[in-house]
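*Asks:* One predicted model, sequence on top.
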Amino acid sequence: MSEPTKPSRDALIALERAHVWPPYTSRDKHEQHEPLVIVEAEGSWLTDHDGRRYFDAIGSWWTCTLGHRHPRLVHRVKEQSDRLFHVAAGGNTHPEIALLARELAAVAPKGLTRMHFSDDGSTSIEVATKIAFQYWQQNGRPARRRFVALAGAYHGDTLAAMSLASIEEFRGTFGPLLFEIHRAPHPSEVGGWDRVLEEVTRTMRAHGDEIAALVVEPLVQGASGMRMHPPEVLRALHALTREIDTFFVADEVFTGYGRTGSMWACERAGVVPDLLCTAKGFTAGVLPMAATIASERVYDGFSGGASRALMHGHTFCGHALGAAVAREVLAIYRDEEVLEGIAPRADRIAAWTERLASIEGVSGHRALGMIGAIDLGDVGYGGTGLGQRVAERARERGVLLRPLGDTIYVTPRLNVPMDELGWLLDTVEDVVRTTTRS
């Protein structure tokens, strides 16, 4: 029997335009944009329909922490598929989820021992907000209905997650559907982080009886332009939650699993949250899966009859195939000493941002762990178009970037070979230099 004819690139794009509704894309842009048609990936590289390779400098939206098609993950998917894909979590369990819960508790910040498994980062945040709200409703403090979040925050695209976020491009349209929160001032305003802490302190002390939780992306606000804050800010925010006895929620969807140089960004500040949300690197980009990790204190607040049960669950909660992959990710981190290998790569990225800071037109630079970012204008989604021009020229050179407005960043896989990392950084540097001169 002859092999079926492979559809042409143009035919595939026509089909995509006819039937797919892509994320963050208007109809007009969808019909005009020429997407890459990716047919294969391995390690740091994506291959398109015509056989051209591109370095995945953003880890496919920050998920592929171990690169594409790590052989052990490929094998684990095949192995688990021979036994069990999925079973409903209500009233059932299976070996992979029980073992994953134990192994995740072993690497979670000390004291976080209870795992609620879901399917993506937005959902993990949604679960955390529901846990915090319901806890206080049924444990003697029903007035605690409000949340505190930082300016520049992004926590996902479900309604609770958007309520917590402050990036107008994501939440503006849905304003009437969102709940009100206490929002800190922006650190770019007069007073910087000192003023942020002053305002959050004032708010939490004045309204402590109504605050269900403080929700923070520890150390790095990814979607708002890789904005970073020092560990002492995180420690001060955590201390405020201890002072008024409310919950500290760490959104580690992006920052967790080694992205900042340690397993969790919270570790770099020496704080332990009450609830921690993880996704993206959780299965290293292989399958959609997430977890909301809670302390025993939080879990104990749901003791009692059926009316006190956590009112959240969905069809794919505790997916067996996803759990098997998540377990293998943790095993690879241990066996291949992934976290131990970050320091020299992080130094290389930090030195790269320092070099780029000397380029005329670069207005800011920063690095932390496996994150390096430079600004070619204001931080945020406004942009002048320069960031997009850099991305287009980088793509011509075989590098896939996704700028945040005029902020150019790299978030390669944590185990990227040093020679590949050097090539990536040199190529992007050359593109930035030539683009800012033109």
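*Replies:* That came through fine.

*Asks:* Which residue ranges of the stretch 101-250 of the chain form strands?
*Replies:* Using DSSP state E, counting those that start in this stretch, the strands of the stretch 101-250 of the chain run over 112-118, 146-149, 182-183, 211-216, 220-221, 227-228, 247-251.

*Asks:* So for K6, which of those sits nearest?
*Replies:* Closest approach to K6 among the strands of the stretch 101-250 of the chain is made by strand 112-118 (36.3 Å; CB to CB). The way it works is simple: take the backbone N, C-alpha and C, and place the C-beta from them, glycine included.

*Asks:* Run a quick neighbour tally on the closest residue in space to R433 that isn't next to it in sequence.
*Replies:* Once flanking residues are discounted, R433 sits nearest to I359: 5.8 Å by CB to CB, 6 or more residues apart in numbering. Look at I359: counted by other CB atoms under 10 Å, it has 16 neighbours.

*Asks:* Let me see the contact set for I359.
*Replies:* 432-433, 436 (CB atoms under 8 Å, 6 or more residues apart in numbering).

*Asks:* Same list, those, but as JSON lines with neighbour count please.
*Replies:* Shown next, in JSON lines, are the contacts of I359 (neighbours: other CB atoms under 10 Å):
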{"residue": "V432", "neighbour count": "22"}
{"residue": "R433", "neighbour count": "16"}
{"residue": "T436", "neighbour count": "16"}
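
*Asks:* Tell me which of those residues fall in helices.
*Replies:* If you go by DSSP state H, the contacts of I359 have 432-433, 436 in helices.

*Asks:* Quick check: which element contains G377?
*Replies:* Using DSSP states H and E, G377 sits within strand 371-379.

*Asks:* what's in contact with that strand?
*Replies:* By CB under 8 Å, 6+ apart, strand 371-379 touches 188, 220, 224-227, 259-260, 349-350, 352-353, 356-357, 361-367, 383-384, 386-387, 390, 404-411, 425, 432, 436.

*Asks:* Convert the C-alpha atoms of that strand to PDB, please.
*Replies:* What follows is strand 371-379, C-alpha atoms only, in PDB (Å, rounded to 0.1, in the frame of the first residue of the first chain):
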ATOM      1  CA  ILE A 371      15.600  33.800  32.000                       C
ATOM      2  CA  GLY A 372      17.200  36.600  30.200                       C
ATOM      3  CA  ALA A 373      15.400  39.700  29.000                       C
ATOM      4  CA  ILE A 374      16.100  43.100  27.500                       C
ATOM      5  CA  ASP A 375      13.800  46.000  26.800                       C
ATOM      6  CA  LEU A 376      13.900  48.000  23.500                       C
ATOM      7  CA  GLY A 377      11.300  50.400  24.900                       C
ATOM      8  CA  ASP A 378       8.800  50.500  27.600                       C
ATOM      9  CA  VAL A 379       8.100  47.200  29.400                       C
END
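
*Asks:* Off-centre distance for it?
*Replies:* Distance of strand 371-379 from the chain centroid (CA atoms, centre = their mean, to the nearest Å) equals 18 Å.

*Asks:* That one pairs with which strands?
*Replies:* strand 364-368 (antiparallel), strand 405-410 (antiparallel) (DSSP bridges).

*Asks:* Now tabulate the ones you listed in TSV and tack on distance to T201 and mean pLDDT.
*Replies:* Shown next, in TSV, are those (distance: least, CB to CB, whole Å; pLDDT from 0 to 100):
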stretch	distance to T201	mean pLDDT
strand 364-368	25	97
strand 405-410	29	96
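
*Asks:* Could you say which of those strands is packed most deeply?
*Replies:* Compared across the strands paired with strand 371-379, strand 405-410 shows the largest average neighbour count, a mean of 25 (mean count of other CB atoms under 10 Å).

*Asks:* okay, that one in PDB with CA atoms only?
*Replies:* Only the C-alpha atoms of strand 405-410 are listed here, as PDB (Å, rounded to 0.1, in the frame of the first residue of the first chain):
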ATOM      1  CA  GLY A 405       5.800  44.100  23.200                       C
ATOM      2  CA  ASP A 406       9.300  45.500  22.900                       C
ATOM      3  CA  THR A 407      10.800  43.100  25.500                       C
ATOM      4  CA  ILE A 408      12.900  40.400  24.000                       C
ATOM      5  CA  TYR A 409      13.600  37.400  26.200                       C
ATOM      6  CA  VAL A 410      15.000  33.900  26.100                       C
END
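
*Asks:* so what's the nearest residue to Y135 once chain neighbours are set aside up against?
*Replies:* Setting aside the residues directly before and after it, Y135 is nearest to G301 in space (CB to CB, 6+ apart), at 4.3 Å. G301 is in contact with 135, 138-139, counting by CB under 8 Å, 6+ apart.

*Asks:* one more time with 10 Å, if that's ok
*Replies:* Contacts of G301 were listed using CB atoms under 10 Å, 6 or more residues apart in numbering, and they are 131-132, 134-140, 294-295, 308, 310.

*Asks:* any idea of the pLDDT on G380?
*Replies:* pLDDT, G380: 68.

*Asks:* Distance from the chain centre to stretch 174-191, please.
*Replies:* How far stretch 174-191 lies from its chain's middle: 20 Å, per CA atoms, centre = their mean.

*Asks:* Just the C-alpha atoms of it, please, in PDB.
*Replies:* Only the C-alpha atoms of stretch 174-191 are listed here, as PDB (Å, rounded to 0.1, in the frame of the first residue of the first chain):
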ATOM      1  CA  PHE A 174     -14.200  40.900  30.700                       C
ATOM      2  CA  GLY A 175     -14.300  43.500  33.400                       C
ATOM      3  CA  PRO A 176     -18.000  43.200  34.200                       C
ATOM      4  CA  LEU A 177     -17.600  39.500  34.900                       C
ATOM      5  CA  LEU A 178     -14.600  39.800  37.200                       C
ATOM      6  CA  PHE A 179     -14.500  40.100  41.000                       C
ATOM      7  CA  GLU A 180     -12.900  43.100  42.600                       C
ATOM      8  CA  ILE A 181      -9.600  42.800  44.400                       C
ATOM      9  CA  HIS A 182      -7.100  44.900  46.300                       C
ATOM     10  CA  ARG A 183      -4.400  45.900  43.800                       C
ATOM     11  CA  ALA A 184      -1.000  47.100  44.700                       C
ATOM     12  CA  PRO A 185       0.500  50.200  42.900                       C
ATOM     13  CA  HIS A 186       2.900  49.600  40.100                       C
ATOM     14  CA  PRO A 187       6.600  49.400  41.000                       C
ATOM     15  CA  SER A 188       7.400  51.700  38.100                       C
ATOM     16  CA  GLU A 189       5.600  54.500  39.800                       C
ATOM     17  CA  VAL A 190       7.300  56.900  42.200                       C
ATOM     18  CA  GLY A 191       8.700  55.000  45.200                       C
END
